[in-house]
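*Asks:* structure of the sequence below:
(one chain, ligands or ions: 1)
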Amino acid sequence: MKPFIYDYTHDQLLQWMKDNGEPSFRADQVYDWLYVKRVKSFEEMTNLPKGLRQKLTDQFEFVTLTEITKFESRDGTVKFLFGLHDNHAIETVIMRHNYGNSVCVTTQVGCRIGCTFCASTLGGLKRNLTAGEIVAQVVTAQQMLDATNERVSSIVIMGSGEPFENYEATMDFLRNMIHEKGLNIGQRHITVSTSGIVPSIYKFADENTQINLALSIHAPNDKLRSKLMPVNRRFPFEDVIQAIRYYLDKTGRRITFEYALIGGVNDQVEHAEELASVIKDMLCHVNLIPVNHVPERNYVRTPRNDIFAFAKVLEKHGINVTIRREQGHDIAAACGQLRAKHMESTAR
Ligand code: SF4
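*Replies:* Have a look, this model is predicted:
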């Protein structure tokens, strides 16, 4: 199969033009059609010579994301289930905040990490997405927002999949998102979330970007984390924390710890105290995420008062805490739920 045009970064497009005997400004023109005018075919790139348009058509595909379903929540959250060319399905979410519109993208079809509270991992990993398939999620979201003159102002890589197990595609996607001739999204408005793939955390720290990093920590110690996140057996708690310390030293940036609160499992005051003892000297922020009910695991939501008690302990230790505002609760917005339902219904 031909590569997707969105797989290419600006630098790669420049190289392609060079290799094909075209002047370098043609790369800017193509980039402008892709990211600023957001056309859906090479035919529409009318300032390119016909011969070049034909060459592009012969060598590249446009990514086709087919909208299988789109749910719009009362709070403005829009959740897409997109079909890919090989009949796989992925989820993308647009979240409306008072500071702008954020898109949550998916980096893999399914996931092999196996977090016990997550629907995305139920059928395992099917395949990695290409950079272009990740880009297309944001461009498609932007095309939808174009109708109301809105723009995508931030991106979170927190959809299905582990971005650091699809590292190169994720990095090419990021290069395209921040390029000043493209969507030009501020690096500080982008967050990559990992479950703790240690070698990739080191690599990312060395990339020298301003892009935010979030670690799904979800437990204050090795034993409990291994129970909730099997990936912790591959990359133990201590090693992950050490990698995060390296990231902090190297970048001078703040780390966000994502902590899914599961009723009676990891949400007690003593868990908060233990977590604080590990992270209180770090430049960090903790985002508490009360999990949705997972019947297969007997997981229940943490009661409101316990959520506040947990947050209070962290604050007492001088740690910055937020409790994630729930969005799209009425449309199964949690990671992987829509795709899981779709897989169930197509299997029937
Ligand atoms: S939470 Fe993220 S890393 Fe964990 S199983 Fe789900 S998609 Fe994979």
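
*Asks:* got the domain ranges for this protein?
*Replies:* 5-59, 66-347 (automatic domain parsing).

*Asks:* kindly check the end-to-end length of the first one for me.
*Replies:* What it means is domain 5-59. Terminal residues of domain 5-59 lie 9 Å apart, using CA to CA, to the nearest Å.

*Asks:* would a markdown table of the domains of the chain with mean neighbour count and mean pLDDT be doable?
*Replies:* Where C-beta positions appear, they are placed from N, C-alpha and C, glycine not excepted. Listed next are the domains of the chain as a markdown table, based on neighbours: other CB atoms under 10 Å; pLDDT from 0 to 100:
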| stretch | mean neighbour count | mean pLDDT |
| --- | --- | --- |
| domain 5-59 | 16 | 97 |
| domain 66-347 | 18 | 92 |
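
*Asks:* which of those domains sits closest to the ligand?
*Replies:* The closest of the domains of the chain to the ligand is domain 66-347. By CB to the nearest ligand atom, the value is 3.1 Å.

*Asks:* and the closest one, is it in reach of the ligand?
*Replies:* Yes. On the criterion CB under 6 Å from any ligand atom, domain 66-347 is in touch with the ligand at Cys111, Ile113, Gly114, Cys115, Cys118, Ser120, Thr121, Ser160, Gly161, Glu162, Ser195, Cys335.

*Asks:* so the fourth one makes contact with Gly196?
*Replies:* No. Taking contacts as CB atoms under 8 Å, Cys115 lies outside contact range of Gly196: 10.7 Å.

*Asks:* quick check: neighbours shared by those two?
*Replies:* Ser216, Met229, Val231 (CB atoms under 8 Å, 6 or more residues apart in numbering).

*Asks:* what sits against the second one?
*Replies:* Contact partners of Met229, counting by CB under 8 Å, 6+ apart, are Ile113, Gly114, Cys115, Thr116, Ser195, Gly196, Ser216, His218, Ala219.

*Asks:* and with 10 Å instead?
*Replies:* Shown in contact with Met229 (CB atoms under 10 Å, 6 or more residues apart in numbering): 113-118, 195-196, 216-219, 235, 237, 260.

*Asks:* one more: Leu261?
*Replies:* Applying CB under 10 Å, 6+ apart, the residues near Leu261 are 117, 218, 267-268, 271-272, 288-291, 301-303, 306-307, 310-311, 323-324.

*Asks:* hey, what's it bridged with?
*Replies:* Note on Leu261: beta-bridge partners by DSSP bridges are Pro290.

*Asks:* Phe308 versus that one, what's the distance?
*Replies:* Distance, Leu261 to Phe308, by CB to CB, to the nearest Å: 11 Å.

*Asks:* secondary structure class for the residue lying closest to Ile323 once chain neighbours are set aside?
*Replies:* With CB to CB, 6 or more residues apart in numbering as the criterion, Ile323 has its nearest non-adjacent residue at 4.8 Å, and that residue is Leu288. Secondary structure state of Leu288, per DSSP: H, G, I helix; E, B strand; the rest coil, is strand.

*Asks:* correct me if wrong: Leu288 contacts Ile262.
*Replies:* No. With contact defined as CB atoms under 10 Å, Leu288 and Ile262 do not form a contacting pair (11.3 Å).

*Asks:* circling back to that earlier point, among the contacts of Met229, name the ones in helices.
*Replies:* Phe237 (DSSP state H).
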